[in-house]
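In: here is my input, please return the structure:
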Amino acid sequence: MRHSNKSKKILALFLLLMFGFVIFLAVMLYTALHKRDIPSIYSEDTAKAQRGSIISADGFHIATTQKLYKAVVNTRNIDPGKEELFVQLFSIYSGMDPKEIKERLHTRKGSVTLSYHISPKEAMYLKTLAFELRRLGVFIEYETPNGDRILQGLNILESGEARQYPYGNLLTPLLGYPRKIEEDGYTRVYGIKGLEKFFDEELNPQQNKTQKALRDVNGYLILNKQSDVKRQINGLTVKLNIPILLQSRVEIITDQIKQKLQADEIIATVMESKTGKIIALASSNRFDPNHIRVQDYPSLNANVIEYSYEPGSVIKPIIFSLMLDRGLINPYDMVNGHNGRFTMGTKTIVDEHAFSMLSAEDVLVYSSNIGIAQLAQKLNGVEFTEGLKRFGFTHFSGIDLPYEKRGSVPSSAQLNNYLYKAITAYGYGMRANPMQLVKAFNVFNNGGKLINPMVVEALYDDNGRIIPMQIQAPTQVIAPATAERMKQILIKTVNVGTGTIAKTPGLEVGGKTGTAHIAKNGAYVNSYHTSFIGFANDSKHNYTIGITVIEPRTVYFASITAVPVFKAIVDLMVEEKYLTPDPAAAAAASEPSNAESTHL
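Out: Have a look, this model is predicted:
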């Protein structure tokens, strides 16, 4: 009997142990299979890449990107007895008005954003403040309905980026402007106009920084070979061919003369003749990209390429060179000036200065509409139209800017008509933008070769690696000998013709004036575009310079509107050592000739 009881006790103990073991296995199996939240031993850190900068040729940052941060606080975590302390300290560190901080704190219970526009420097200070506020016991835990205890306090988080323009309206509208777009709660910047638009893809950030690695007890990342790290790749830096000092001083010239002439706008371009590099591109109509106002809207377009007009007499050298290159004319051929008034069919052509007879080259020197109208009859329609196109008209100029207007020229069929030939030969019936005219005139100062104008020198990445711009090969438009002869005629135009104000002793200066009526509502009115396109050279440097004056009101002849702008820029370039006059040539030019001595 005793033996039987003992066996039962052993069996019961065994069964109890087995039951306990089964329960243990079940718990372990449940733990293994059941979905549960386990604190991760890994941590991830991210940082947004930034839009690239635009810098001048001399290294000044004209457009930069600044990261913005937002300050978020959970109002439930603020100790009511220390709210005033929080408000005063946050005001000191952020610069916000205490009253505004209080208003935001009381808008709702829970998470509140106090500011969306905190600079990186302010963010650093506020992160320090957040730590101090915890230490001072300003933040307390609160309990959720689920029983969780929460302590969030003050958090400083990346909210987006802002584009900064330290030099205000400098280089606008060429520089352009951006717009802001919110993506997943983060504000990004994208280009809308100008260089910001043309190089938007290159300027945009390439890759955000991410780090995923084991964390220590304090939550800091432990970076090692097993860590998953992607480096931050910011947008490329765009470096211009334009130095900031020259650009700013050319802008001052356009501003001053615009005011004097009461013009709508003055546009000035300075280009290296051999390379196509634009070293100044100024408009008198500018805006501050940091603060664009409604009254700035007319100035947002880069009219150097977005404004086309009938160019007037500056087109005459282009037409003349087409005939000269084909051997259709000789510069010394005599042309009948008809004493300043000539009728072709239903059209009466008038010259400002009357001539009876003058040489073909003097048709350009003294800007005779009657002379060029007769000479142009030597070209047939195809030669005329295709010749203008070879000089770049109706084509994009190739400049690194968006939204260019290509202009227009009459068709070959139209230019077979003598009247179309005559009118187009002195710059009506066709349209061009100021940059196309500079590009075309540059042919005469570049051995007959057509090259594209370039605002940007190169792109740079964060490591300083240079990504050069693609440069289109020059096109031989006219023979070098033709270009040289045209160059001499344009120099004569400055020395004794319509461009005498542009003369600079010791420099080789040539160019052509143009004054053209503006058409409004289908009829020509008493308003004008005036232009002077030319060049200024010394023994080592060659520059093509284009001036366009839109609707001057005090006076309208190009010789006293556009030419003085050209002259002021050449004088500035001498002062800034871009051009160096030949002392001997300058001295010789200043001595009166024998004829002048006799006259005196």
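In: CA only for contacts and neighbour counts going forward, please
Out: Will do.
In: may I have the helix or strand hosting Glu182 as PDB, with CA atoms only?
Out: Assigned by DSSP states H and E, Glu182 belongs to strand 178-183. Coordinates of the C-alpha atoms in strand 178-183 are reproduced here as PDB (Å, rounded to 0.1, in the frame of the first residue of the first chain):
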ATOM      1  CA  PRO A 178      12.900  80.200 -58.300                       C
ATOM      2  CA  ARG A 179       9.700  78.900 -56.800                       C
ATOM      3  CA  LYS A 180       9.100  76.700 -53.700                       C
ATOM      4  CA  ILE A 181       7.400  73.300 -53.900                       C
ATOM      5  CA  GLU A 182       6.600  71.200 -50.800                       C
ATOM      6  CA  GLU A 183       7.500  67.500 -51.100                       C
END
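In: tell me the helices and strands packed up against that strand.
Out: strand 186-191 (3 or more C-alpha pairs under 8 Å, 6 or more residues apart in numbering; DSSP states H and E).
In: in this structure Ile278 contacts Met454, no?
Out: Yes: using C-alpha atoms under 8 Å, Ile278 is in contact with Met454, at 5.7 Å.
In: what's the domain layout of the protein?
Out: Following automatic domain parsing, the chain resolves into domains at 45-240, 244-287+305-454+476-599.
In: looking at these, which is buried most?
Out: Most buried of these, by mean neighbour count (mean count of other C-alpha atoms under 10 Å): domain 244-287+305-454+476-599, with a mean of 20.
In: where do the strands of the stretch 51-200 of the chain begin and end?
Out: Using DSSP state E, counting those that start in this stretch, the strands of the stretch 51-200 of the chain run over 54-55, 61-74, 111-118, 142-143, 149-150, 154-164, 178-183, 186-191.
In: neighbouring strands of the second one in the sheet, and parallel or not?
Out: Each strand that strand 61-74 pairs with, and the sense of that pairing, follows from DSSP bridges: strand 54-55 (antiparallel), strand 111-118 (antiparallel), strand 154-164 (antiparallel).
In: for Tyr420, find the nearest of these.
Out: Nearest of the strands paired with strand 61-74 to Tyr420, taken as C-alpha to C-alpha: strand 54-55 at 45.5 Å.
In: now do that closest one: everything it contacts.
Out: With C-alpha atoms under 8 Å, 6 or more residues apart in numbering as the test, strand 54-55 has contacts from His61, Ile62, Ala63, Thr64, Thr237, Val238, Lys239, Leu240.
In: and with 10 Å instead?
Out: Identification of contacts with strand 54-55 by C-alpha atoms under 10 Å, 6 or more residues apart in numbering yields 60-65, 165, 175, 195-196, 199, 203, 236-244, 456, 459.
In: next one: the strand or helix carrying Ile252 to chain centre, how far?
Out: Using DSSP H and E, Ile252 sits within helix 244-261. Relative to the centre of its chain, helix 244-261 is centred 18 Å away, using C-alpha atoms, centre = their mean, to the nearest Å.
In: tell me what it is packed against?
Out: strand 265-272, strand 278-283, strand 542-550, helix 562-575 (3 or more C-alpha pairs under 10 Å, 6 or more residues apart in numbering; DSSP states H and E).
In: with distance to Thr187 and mean pLDDT added, can I get the ones you listed in TSV?
Out: Shown next, in TSV, are these (distance: least, C-alpha to C-alpha, whole Å; pLDDT from 0 to 100):
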stretch	distance to Thr187	mean pLDDT
strand 265-272	35	98
strand 278-283	31	98
strand 542-550	39	98
helix 562-575	42	98
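In: dump those to JSON lines, plus distance to Ile315.
Out: Output for the helices and strands packed on helix 244-261, formatted as JSON lines (distance: least, C-alpha to C-alpha, whole Å):
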{"stretch": "strand 265-272", "distance to Ile315": "17"}
{"stretch": "strand 278-283", "distance to Ile315": "21"}
{"stretch": "strand 542-550", "distance to Ile315": "13"}
{"stretch": "helix 562-575", "distance to Ile315": "15"}
